[in-house]
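**Q** need a structure here:
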Amino acid sequence: MKFIDEFRDGELAKRLVKRIGTYSCEPINIMEVCGTHTMAIFKYGIRDILPDNVKLISGPGCPVCVTPQSYIDIAIELASMDNVIITTFGDMIRVPGKRGSLLSKKAEGADIRVVYSPMDAIKVAQNNTDKKVVFLSVGFETTTPMTVITAIEAKKNKVNNLFFLTAHKIVPPIMEALVKDKELNIHGFLLPGHVSAIIGSKPYEFLSERYHIPGVITGFEPIDLLHGIDTLLGLIDKKECKVINKYTRIVRTEGNERAKEQLNQVFDIVDTCWRGIGNVPNSGYVFKKEFEDYDALKHFGIKYKDYDGSSGCRCGEILKGKITPLECPLFKKRCTPENPVGSCMVSSEGTCSAYYKYHS
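**A** Model (predicted):
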């Protein structure tokens, strides 16, 4: 199958692995900031075939994982209101807040519905005009355009009982926050394929221009990942600080211009809080004045204050790549997929979830 079989070629993979082993023996730290990369790296055993000096670090690449716990508690507060229907993607429903989870709230009788697209929330709102429908709008640049299109469509069709509790995040600013953290000592980045399909490659150029760190955009198949790592190690070995796109079948230099135009039409960029990391400048979105009637916080008059963390959970350090889940005292003990303590164990793209599923 085109774009599948050729990226799972065993002989080519062997050649790439052999070449990867020829680079410098100095310790090299490579970070991926994409949850799908994290899962694919574990699934295909990429870590196990790399030289001992090459360390792959999983960064904050999971949007559910980086959403502050306070967001979940606000969602639960809204779900407790008699006239409110909560609509959400399935991975949010089990994330624990201080007051339980949306799943436990649903068990108590709250009207919480799993949808597969924000556009489904419009249908729910149109079919329940006596209710206020709130969509839990979480994600990176990959999914933010879906919220944008839904808000535009709702405005066009005068759907006035639909609101968005937004926690969208922008990836390049968090990467800058990470490279400024000297404890991490990152030598290069595997750049996210899905996000890059929207924003293109230019937003990452600050890595090479200001911090002299190379980056490679790559896809999710075994050959994609090995080719990306090989290219990145080659850049590091030659001390070449470039951003290279190796996912050209999907990612263009300028990204998706139409999606970016619509993002600018609906959202302003603001500072926002990342779970376990804190406030990151210019890394979030808020509705522009023309669309602020769809802002759930403003409509319900909720004063939002960021906080996060469960006792003993080291999710923040895991998201920064400072420790692995194996170093968290709760991992596989009090924190499991069936009884998650932190968001990194809940999401299918979370680092803890990946370690639990694939790490022996």
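**Q** contacting residues for Ala110?
**A** Ala110 makes contacts with Ala79, Ser80, Ile86, Leu102, as judged by CB atoms under 8 Å, 6 or more residues apart in numbering. C-beta here means a position set from N, CA and C on the backbone, and glycine is covered the same way.
**Q** Could you tell me the phi and psi values at Tyr285?
**A** Phi and psi for Tyr285, reported as degrees, to the nearest 10, are phi -130, psi 150.
**Q** and it, how far is that from Phe164?
**A** 10 Å (CB to CB, to the nearest Å).
**Q** Look at these two and report which has more neighbours.
**A** A direct count of neighbours by other CB atoms under 10 Å for Tyr285 and Phe164 places Phe164 higher, at 25 against 22.
**Q** tell me which element that one is part of?
**A** strand 162-168 (DSSP states H and E).
**Q** can you give me the helices for the stretch 151-300 of the chain?
**A** 171-179, 193-199, 205-211, 222-238, 257-266, 296-300 (DSSP state H, counting those that start in this stretch).
**Q** So which residues of the stretch 201-350 of the chain form strands?
**A** Applying DSSP state E, counting those that start in this stretch to the stretch 201-350 of the chain gives strands spanning 215-217, 243-245, 267-274, 278-287.
**Q** Point out the most buried one among those strands.
**A** Among the strands of the stretch 201-350 of the chain, the stretch with the highest mean neighbour count (mean count of other CB atoms under 10 Å) is strand 215-217, at a mean of 27.
**Q** Okay, now the sheet partners of that strand, with direction.
**A** The pairing partners recorded for strand 215-217 under DSSP bridges are strand 188-191 (parallel), strand 243-245 (parallel).
**Q** ok now the last one, how far from the chain's centre?
**A** Here the centre of strand 243-245 is set off from its chain's centre by 20 Å, with CA atoms, centre = their mean, to the nearest Å.
**Q** ok, now stretch 147-164?
**A** The answer for stretch 147-164 is 24 Å, by CA atoms, centre = their mean.
**Q** Out of the helices of the stretch 151-300 of the chain, which is the most enclosed?
**A** helix 193-199 (a mean of 24).
**Q** quick one: contacts of that helix?
**A** Here helix 193-199 has contacts from 34, 36-37, 140-142, 144-145, 171-172, 204, 217-220, 224, 245, 247, 250-251, 255-256, 259-260, using CB under 8 Å, 6+ apart.
**Q** Any of the contacts of Ala110 buried? List them.
**A** When the contacts of Ala110 are checked for burial by 16 or more other CB atoms under 10 Å, the buried set is Ala79, Ile86, Leu102.
**Q** Would you mind giving those as JSON lines with pLDDT added?
**A** Converted to JSON lines, the buried ones among the contacts of Ala110 look like this (pLDDT from 0 to 100):
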{"residue": "Ala79", "pLDDT": "97"}
{"residue": "Ile86", "pLDDT": "98"}
{"residue": "Leu102", "pLDDT": "96"}
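**Q** about what we covered before: can I get the helices of the stretch 151-300 of the chain in CSV including distance to Phe42 and mean pLDDT?
**A** Shown next, in CSV, are the helices of the stretch 151-300 of the chain (distance: least, CB to CB, whole Å; pLDDT from 0 to 100):
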stretch, distance to Phe42, mean pLDDT
helix 171-179, 21, 97
helix 193-199, 16, 97
helix 205-211, 25, 96
helix 222-238, 11, 96
helix 257-266, 29, 97
helix 296-300, 35, 97
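**Q** Out of the ones you listed, flag the one nearest Pro325.
**A** helix 171-179 (18.2 Å; CB to CB).
**Q** Show me what that closest one is packed against.
**A** helix 193-199, helix 205-211, strand 278-287 (3 or more CB pairs under 8 Å, 6 or more residues apart in numbering; DSSP states H and E).
**Q** how far does it sit from the chain's center?
**A** So, by CA atoms, centre = their mean, the centroid of helix 171-179 is 13 Å from its chain's centroid.
**Q** Likewise for stretch 352-360?
**A** 18 Å.
**Q** Just the mean pLDDT for it, thanks.
**A** Taken as a whole, stretch 352-360 has a mean pLDDT of 89.
**Q** List the buried residues in it.
**A** So, applying 16+ other CB under 10 Å, buried residues of stretch 352-360: Cys352, Ser353, Ala354, Tyr355, Tyr356.
**Q** Now do the strands in the stretch 51-200 of the chain.
**A** 54-58, 84-88, 112-114, 132-139, 162-168, 188-191.
**Q** can I get those strands in JSON lines with distance to Glu6?
**A** Below are the strands of the stretch 51-200 of the chain laid out as JSON lines (distance: least, CB to CB, whole Å):
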{"stretch": "strand 54-58", "distance to Glu6": "24"}
{"stretch": "strand 84-88", "distance to Glu6": "37"}
{"stretch": "strand 112-114", "distance to Glu6": "36"}
{"stretch": "strand 132-139", "distance to Glu6": "30"}
{"stretch": "strand 162-168", "distance to Glu6": "34"}
{"stretch": "strand 188-191", "distance to Glu6": "20"}
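**Q** Go through the ones you listed and name the closest to Ile318.
**A** So among the strands of the stretch 51-200 of the chain, strand 54-58 is nearest, using CB to CB, at 7.7 Å.
**Q** I'd like to know which elements the closest one is packed against.
**A** With contacts defined as 3+ CB pairs under 8 Å, 6+ apart, the packing partners of strand 54-58 are strand 28-32, helix 35-43.
**Q** 10 Å - rerun?
**A** strand 28-32, helix 35-43, strand 188-191, helix 222-238, helix 315-320, helix 351-358 (3 or more CB pairs under 10 Å, 6 or more residues apart in numbering; DSSP states H and E).
**Q** Let me have the ones you listed in a markdown table, adding distance to Arg334 as columns.
**A** As requested, the helices and strands packed on strand 54-58 are exported to a markdown table (distance: least, CB to CB, whole Å):
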| stretch | distance to Arg334 |
| --- | --- |
| strand 28-32 | 27 |
| helix 35-43 | 22 |
| strand 188-191 | 31 |
| helix 222-238 | 32 |
| helix 315-320 | 13 |
| helix 351-358 | 12 |
